[in-house]
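Visitor: Following is a predicted model, sequence given first.
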Amino acid sequence: MNPIVHFEILAGPGTDKHDLQAFYRDTFGWTIDASNPMDYGLAMPGGPQAQPGPPEHGINGAVDNAEDHNKVVIYIGVDDPAAYLERIKAAGGSVIQDVTVVPGMVTFATFRDPAGNEIGLVANQMPSA
């Protein structure tokens, strides 16, 4: 099975990501941490964890910026993002961003489904640094 493993709530141009992060932190009690080299606002709706692994309640994600427009993107965990992009194209979807590797962090891609929704793929295995 290919579960939803991550989400992004993204502020488009003209919207301050820090204001958006404060909204989710203050309204829902989420922990949002952007103290990483990419200043990426990692969101933990279930609260901080004592141990690694899935959160106790819900999935982790991010509240950050988008270059094009405000949007919400979910990410599906898969074993081979490139193979899934081929399946997506064959089924009527289109590729937005081809497979991209961020060493030591993530391998991902994004696509549009036939209805125009933007969805992401994340490799189940973290790439080496």
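Guide: That came through, no problem.
Visitor: so where do the helices sit in this structure?
Guide: 17-28, 81-90 (DSSP state H).
Visitor: so which of those helices gets nearest residue 1?
Guide: The closest of the helices of the chain to residue 1 is helix 81-90. By CB to CB, the value is 13.4 Å. To be clear about C-beta, it is placed using only N, CA and C from the backbone, and glycine gets the same treatment.
Visitor: Against which helices or strands is the closest one packed?
Guide: Contacts defined by 3 or more CB pairs under 8 Å, 6 or more residues apart in numbering; DSSP states H and E place helix 81-90 against strand 94-102, strand 106-112, strand 118-123.
Visitor: what residues are up against the residue lying closest to residue 15 once chain neighbours are set aside?
Guide: Closest residue in space to residue 15, ignoring its immediate chain neighbours: residue 70 at 6.3 Å, by CB to CB, 6 or more residues apart in numbering. Neighbouring residues of residue 70 by CB atoms under 8 Å, 6 or more residues apart in numbering: 10-12, 15.
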